[in-house]
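Peer 1: Mind looking at a prediction? Sequence and model below.
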Amino acid sequence: MKRVLALVATTSVIGLSACATETVPMCRAPQAHEMAAFSAIISHNETAVADTLAPGALRNAFISRDPMLRSHVWGSDGNTRGTVIGMLSQPPLCVFDDPGFLASEASRQILVYPQRAYDRVAPAPETPLLDAPLPYGTYRGDYMTCRFEQTATGWKLADLCGYRMPGAPAVTG
């Protein structure tokens, strides 16, 4: 009887310790509101992009065709490396909720990887998360961040995936 109890106790401890070690997370596909914004950008549909943006200075700058903002999204002179469209044009996409951002009911931020880039830079799936916290790789080379805000009409893209208005303070988690 003592051996059975010892075996049960040992098995329980091993099971609990296995559950307590969180490993590198699995990515997810973009949610509907995220995909709507990404599809609008990929299709170069400026009206649709404007519809997916949160109200504010950034949306106004986009509608006014600000050249710096357009370059951030679509590149210039045919160069799309490190741009939003350059990242989004490498499907499938691998998305994570950004653990470095303090999410709320009003604001969320995601990490977006082209799957091929994620597969290249991610640690082995069994790696403990404490040993390999997100993000992996180089910002704007392997992944980008996209912040969404809850508005009266749903979740809207708030930063056009990392764009900072000139003179605006950086948004932190």
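Peer 2: Structure's in. What do you need?

Peer 1: Contact partners for residue 95?
Peer 2: Contacts for residue 95 (C-beta atoms under 8 Å, 6 or more residues apart in numbering) come out as 27-31, 34, 110-113. Where you see a C-beta, it was placed from the backbone N, CA and C, and this is true even at glycine.

Peer 1: hmm, 7 Å instead?
Peer 2: 27-30, 34, 110, 112 (C-beta atoms under 7 Å, 6 or more residues apart in numbering).

Peer 1: How much space separates it from residue 25?
Peer 2: Per C-beta to C-beta, to the nearest Å, residue 95 is found 11 Å from residue 25.

Peer 1: now do residue 81
Peer 2: Distance from residue 81 to residue 25, by C-beta to C-beta: 27 Å.

Peer 1: higher neighbour count, the two?
Peer 2: residue 25 (13 against 9; other C-beta atoms under 10 Å).

Peer 1: Tell me the secondary structure at that one.
Peer 2: Under the three-state scheme (DSSP: H, G, I helix; E, B strand; the rest coil), residue 25 adopts coil.

Peer 1: Count the residues that sit near the closest residue to it other than its chain neighbours.
Peer 2: Spatial nearest neighbour of residue 25, chain neighbours left out: residue 96 (6.2 Å); criterion: C-beta to C-beta, 6 or more residues apart in numbering. By the measure other C-beta under 10 Å, the count of residues near residue 96 is 19.
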